[in-house]
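Trainee: The following comprises the amino acid sequence and a computationally predicted model.
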Amino acid sequence: MKEFMMIFRMTPNFDMQLTAEQMQESVKQWQDWIGGIASQGKFVSTNQLGFEGKTLKPAHVITDGPYAEVKEIIGGYVIVKTDTLDEAMTLAEGCPILFIGGNVEVRDLIKMN
């Protein structure tokens, strides 16, 4: 099996205020989706990315924020193992970010020796 990374992107909406119940429902949707992948034996790992960071550019130019010059942020990722890219895309179809206007980029991972 090969490993594929699902990268979650969306345009941030810092004005959106979720209630505690809405936050719990969102967390449950993510847990259910990832749990479904894990129950198939295809889950490898996941992490959510925070909002703090800096970007290093050539000539030692440092900018604040990992996305200071873009409109879309990468919010996190999941690594899965499947036989094909198409199978990984099928797993991505239930991703909760799709229901709030985000998207999922699926890329194959190349092991470094």
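Mentor: Yep, it's here.

Trainee: Report the outermost residue of the protein with respect to its centre.
Mentor: Computed with Cα atoms, centre = their mean, the residue of the chain farthest from its C-alpha average is A59, at 29.8 Å.

Trainee: Confirm that residue sits in a helix?
Mentor: Yes - counting by DSSP: H, G, I helix; E, B strand; the rest coil, A59 is found in a helix.

Trainee: can you pull the pLDDT of it?
Mentor: Looking at A59, its pLDDT is 92.

Trainee: if I look at K57, how far off is T63?
Mentor: Going from K57 to T63 by Cβ to Cβ, to the nearest Å gives 7 Å. Glycine gets a C-beta too; all of them are placed from N, C-alpha and C.

Trainee: Among the two, which residue is more densely surrounded?
Mentor: Shown here are K57 and T63; by other Cβ atoms under 10 Å, T63 has more neighbours (13 against 8).

Trainee: so the nearest residue to the more buried one once chain neighbours are set aside is in which element?
Mentor: In space, and not counting its chain neighbours, T63 is closest to T55: 4.8 Å by Cβ to Cβ, 6 or more residues apart in numbering. Secondary structure from DSSP states H and E places T55 in strand 54-57.

Trainee: Going by neighbour count, which residues in stretch 97-106 are buried?
Mentor: Neighbour-count burial for stretch 97-106 flags I97, G102, V104, V106 (criterion: 16 or more other Cβ atoms under 10 Å).

Trainee: what's the answer for stretch 13-30, then?
Mentor: Within stretch 13-30, the residues scored as buried using 16+ other Cβ under 10 Å are Q29, W30.

Trainee: Tell me which residues are up against that stretch.
Mentor: By Cβ atoms under 8 Å, 6 or more residues apart in numbering, the residues outside stretch 13-30 that reach it are P96, F99.
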